[in-house]
Every structure is written in structure tokens, then in C-alpha cells.
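> sequence and computational prediction follow.
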Amino acid sequence: MNIGFTYDLKSEYLQQGLSLEEAAEFDQEDTIESIAHTLQLLGHGVDRIGNLKSLIGRLYAGDRWDLVFNICEGRLGVAREAQVPALLEAFNIPYTFSDAAAMVYTLDKALAKLMVRDAGIRTPQFLVVYQPEDCKFCHLTYPLFAKPLAEGTSKGIDVSSKINNSSSLLQVCTNLLHKFHEPVLVEEYLPGREFTVGIIGTGAAARVVGAMEIQLQKANNQEAYSFDNKIEYEKYVKYTPIKGELLTACADFSLAAWRTLSLRDGGRVDVRFDRENQLSFIEANPLAGLNPMHSDLPILCRLNGITFEQLIQGILASALQRIAELGDDAEVVIEPVTNIPVLDSGKLKIAVK
């Protein structure tokens, strides 16, 4: 199968003058090499396309692919993760991961929270601040937590993110509005243990492949999985795989959110215990990082006995299954997924597919 590969290469954006934080969500060369090499090991041809502008040029030139493995984060706007999926949909070219709509309402963290809350999934009370004056309408219970509405990789999260009074709320929101030029999500602070849950698959076929607890170790910000903590995770963060009833609870909760948001193929759901010691939805990541050594999803897979090749194979198999179910006339070969342990939520058992 001829697979096109779309991605944003970090070095290209750094050369354009972006800061390390501005380019934090983009991928390094070793990530691109690892994914391309793994796809080739699985028996597929790989055509490295690059970013959105490169894709536009290739499509204009008449190039087409059986499938596009898309990890483009996009550069500008709340809909930036949806740009490549929307373009591929316009050309009727299938691709991995969630569709354009899901990419929009998951990057906009308030929209995602509204959707899961309406489905009965617990999430903290929140307010969206569009301008500093909106802070006076905040009736949430302190302490609060503030972060940019539509950023990833913990951008904009630091020691000031936990807020204890109205004057700090105004100052933090004003700073974030000025720095990121987008609204600020303010929510009631979640004080309990934090977990990230890995998922492979789509809809009823989605399964949890593992979960890990995020434990801050003498970090420079003990209150949150901040940008600095994430960048220097080997120094500040301990990742611990979870098992038993805790894993089951996180899996059930996260799969409910994943299916509510109609997410596809692979990604993560982040959860944390709230003030009443109940699991609460933080956010979903339908375009999780895939550096085999440093990204959360490959790390939690590795901690649960799943290789990087198995992870990529599972993502690819899910995408190909979706294509086959659409009844396309094109021949679709679905690679078997072997030896991937998954938690089958509902049956509460570990199964091997």
C-alpha cells in the first residue's frame, strides 16, 4: 500500500523564527524517521509529504495515495489540526486519526468539555475568558486553574496556573490572552492523582491499551503537568503503569469520553481525581505525540508491554477497517494486529487480539 505521510517538522519552524515553545507541538526528525521506518517494516511504501503547504502542492500536481498517515498539528488558528483532514476529505483520500470536526472540538477544550458533560461524564466547572473583563463574571470555587483554550504540550501552563484569588485570576488571564492571542479556559482545580489513558480503535472497537499515572518528582511546578515539567520529564516526572480496579475505572471513564467525542484510531484521554475523589475529564488528545521514546502514548504502551511497531500497526489497522466498512471499491488490505494486550471495557478482562 502506498502511504503518504504528513507532518510538521520542528526544525523547519525554528528556522522561520518560532521559539521553542511556539514550535513545541511539532515533530523532530527522529519521530518522522521512526514512524516512516515502522510503516515500511509493516510492508508499506512511504511517501514523505510534509506539512499542509507541501500537501497542497502535491495534490495540485496530481499526486494521490491509498492512505495518508497524518500527524500534522497545523500552524495557526483553533482549527489548525483540522486543516489537513479537511483537505484530504475534499479530495476523498482516506487518512489516519480523527476527522476534521473532531480535531476542532477537541482542540477547543471548552467545546470538548461541553460535549462530555452533556453525556454525563464528569468534568470540572469552567469559564471561558475572552477578555480580561470577563474575569468579573467568574463564580467558580477557588482554587482555579487557567490555561490557553486551544494549545497542546502543556503550553501556557506554569507555576502561576493554579489561582487562589480574583486578583491573580485577572493577572494570569491577562498575560495568557496577550501571549497566545486566544481565549483562556478557567476551571475548578483538580487536586487528585492524574492519569493518561491510551486508546487504539474507533467506536465500539476502541480499546484501552494501558494507562499510567503522572507523578511529579521535585518538579519546578508541583501543581500541574506543566510545559517545563513535560519538556524535562526525565528529571521531573515519574510515569507509573496502573493495574487492577484503578485501571478498569480509568478505562471505562476514558472510553466513554473517547466514544462521546467520536475519536478514531488512536490517542489519549487525560483524567484526574477531583475534590470529591471522583474521576474527572481533563481533555482528549486525538493527535497524540508519537516519538517512540519521549511521547506519552508510546511511553505508556511500552510500560504495558506494547512495542512501537504494535502501536503503529494498531492505529493503521483501525484506519483500514474504517475504510473497508465504507464499502469503497478500492482493494483494502487490513494488516492483522497481533499480541497487543487491551483492556476490553465492559468485560473487565485483558484480551489479546
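Structure's in. What do you need?
> tell me the contacts of the spatially most central residue of the chain?
For the chain, the residue nearest the mean C-alpha position is Asn285 (2.0 Å; C-alpha atoms, centre = their mean). Going by C-beta atoms under 8 Å, 6 or more residues apart in numbering, Asn285 touches Thr106, Gly152, Gly267, Arg268, Val269, Asp270. For glycine as for every other residue, the C-beta is placed from the backbone atoms N, C-alpha and C.
> likewise Cys72?
Taking C-beta under 8 Å, 6+ apart, we find Cys72 in contact with Thr6, Tyr7, Asp8, Asn51, Leu52, Leu55, Glu81, Gln83, Val84.
> how about a cut-off of 7 Å?
Listed by C-beta atoms under 7 Å, 6 or more residues apart in numbering, the contact set of Cys72 reads Thr6, Tyr7, Asp8, Asn51, Leu52, Val84.
> hmm, back to that, ok, and the most crowded of the contacts of Asn285?
Taking other C-beta atoms under 10 Å as the neighbour criterion, Val269 ranks highest of these with 29 neighbours.
> now the helices for the stretch 101-250 of the chain?
109-118, 166-180, 227-231, 233-236, 244-260 (DSSP state H, counting those that start in this stretch).
> and those as CSV, adding distance to Ile312 and mean neighbour count?
Putting the helices of the stretch 101-250 of the chain into CSV (distance: least, C-beta to C-beta, whole Å; neighbours: other C-beta atoms under 10 Å) gives the following:
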stretch, distance to Ile312, mean neighbour count
helix 109-118, 25, 18
helix 166-180, 32, 17
helix 227-231, 22, 19
helix 233-236, 22, 15
helix 244-260, 19, 19
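> these: lowest mean pLDDT?
Mean pLDDT is lowest for helix 227-231 out of these, coming in at a mean of 57.
> quick one: low-confidence parts of this protein?
218-233, 327-353 (pLDDT under 70).
> let's see 50
Low-confidence segments of the chain (pLDDT under 50): 328-336, 338, 344-353.
> okay, now the domains of it?
The chain breaks down by automatic domain parsing into domains covering 2-95, 125-188, 194-352.
> could these be laid out in a markdown table, adding distance to Met115?
As requested, these are exported to a markdown table (distance: least, C-beta to C-beta, whole Å):
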| stretch | distance to Met115 |
| --- | --- |
| domain 2-95 | 15 |
| domain 125-188 | 13 |
| domain 194-352 | 6 |
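> pull the most distant pair out of the contacts of Asn285.
The most widely separated members of those are Gly152 and Val269, with 13.9 Å between them, by C-beta to C-beta.
> so where do the helices sit in the stretch 251-353 of the chain?
Under DSSP H, counting those that start in this stretch, the stretch 251-353 of the chain gives helices at 296-303, 308-325.
> most packed of the ones you listed?
Of all those, helix 296-303 has the most neighbours on average by mean count of other C-beta atoms under 10 Å, namely a mean of 23.
> and the contacts of it?
Residues external to helix 296-303 that are found in contact with it (C-beta under 7 Å, 6+ apart): 196, 198, 209-212, 239, 241, 268, 288-292, 308, 311.
> export it to CSV, keeping only CA atoms.
Extracted in CSV, the C-alpha atoms of helix 296-303 (Å, rounded to 0.1, in the frame of the first residue of the first chain):
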residue,chain,number,x,y,z
ASP,A,296,3.2,9.9,26.5
LEU,A,297,1.3,7.4,24.3
PRO,A,298,4.4,5.3,23.3
ILE,A,299,5.7,5.5,26.9
LEU,A,300,2.5,4.1,28.4
CYS,A,301,2.4,1.5,25.7
ARG,A,302,6.0,0.5,26.5
LEU,A,303,5.2,0.3,30.2
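> what angle sits between that helix and helix 308-325?
Orientation of helix 296-303 against helix 308-325 (axes from the mean of the first three to the mean of the last three C-alpha atoms, to 10 degrees) gives an angle of 120 degrees.
> just give me how far helix 296-303 sits from the chain centre.
13 Å (C-alpha atoms, centre = their mean, to the nearest Å).
> all strands for this structure, in order.
Ranges of strands in the chain, per DSSP state E, are 2-6, 45-50, 67-70, 126-129, 144-148, 162-163, 184-188, 194-200, 207-216, 237-241, 266-273, 279-285, 341-344, 349-352.
> which elements pack onto the fourth one?
Think strand 126-129. helix 109-118, strand 184-188 (3 or more C-beta pairs under 7 Å, 6 or more residues apart in numbering; DSSP states H and E).
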